[in-house]
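Asker: build me a model from this:
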Amino acid sequence: MEIRELTEHDAAAYREMRLMALTESPQAFVTEATEFGRKPLSEIRHQLHSNQLSTDMLFVGAFVDKKLVGTQGLYRHAKTKVRHRTDIVGVFVHPNYRGRGIAGAMLDVLIDGARAMPGVMQILLGVTTTQEPAIALYESRGFVTFGVEPRMIRVGERYYDIMHMIKFL
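Answerer: Below is the predicted model:
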């Protein structure tokens, strides 16, 4: 397995993985699959290129036999008063590759990436309360719950609560 920063050359594979994530686990993301699906590949390529140039963002992919099987992102807020924090976003591992430590390996890379950002003191994330394996992973890396936002995500007629977690560096 290889964990590395995603580049514009990964745009097609990232698009496919992201669409799978949004379709398979709509309760875990605020973006709708149809919304993301309308984005042209050129826009995704540009976004990955911009992220790679930024010192405030880190989007990584997990590759097995050169195939993208997982993604995670970290971004730092631009506004001065909140530059001490980063957020984990877009966590997904292809169902055929779960249970192999891939999400944890990517998370470790992002935690190290946050530590390397001058002035960053905490990492935040939100996870659907039904995602028990993800919650266990985050807790194993030192994240603690500081609140639950009820009915934060709506998929069809069903609502999902989001657990907000934080890790102090």
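Asker: ranges for the helices of this structure?
Answerer: For the chain, the helices identified by DSSP state H occupy 11-24, 33-37, 41-53, 102-116, 132-140, in order along the chain.
Asker: right, and those helices - which one's nearest Gln72?
Answerer: Proximity to Gln72 (Cβ to Cβ) singles out helix 102-116 among the helices of the chain, at 4.4 Å. C-beta coordinates here come from the backbone N, C-alpha and C atoms, glycine included.
Asker: so that closest one versus helix 132-140, what angle?
Answerer: Helix 102-116 runs at 40 degrees relative to helix 132-140, counting by axes from the mean of the first three to the mean of the last three Cα atoms, to 10 degrees.
Asker: ok, residues contacting helix 102-116?
Answerer: The set of residues that contact helix 102-116 without belonging to it, under Cβ atoms under 8 Å, 6 or more residues apart in numbering, is 1, 3, 58, 60-62, 64, 69-74, 76, 86, 88, 91, 93, 120, 123, 134, 137-138, 140-141, 167, 169.
Asker: from the chain's centre, how far out does the helix or strand bottoming out on mean pLDDT in the chain sit?
Answerer: Counting by mean pLDDT, DSSP states H and E, the weakest-scoring helix or strand in the chain turns out to be helix 41-53, with a mean of 93. Taking Cα atoms, centre = their mean, to the nearest Å, the mean C-alpha location of helix 41-53 is offset from the chain mean by 16 Å.
Asker: list the buried residues for it?
Answerer: Buried positions in helix 41-53, judged by neighbour count with 16 or more other Cβ atoms under 10 Å: 44-45, 47-48, 51.
Asker: stretch 156-169 too?
Answerer: 160, 162-167.
Asker: from Leu125, how far off is Glu139?
Answerer: When distance is defined by Cβ to Cβ, to the nearest Å, Glu139 is 12 Å away from Leu125.
Asker: need the residues touching each of those two.
Answerer: Listed as contacting both Glu139 and Leu125 by Cβ under 8 Å, 6+ apart are Met165.
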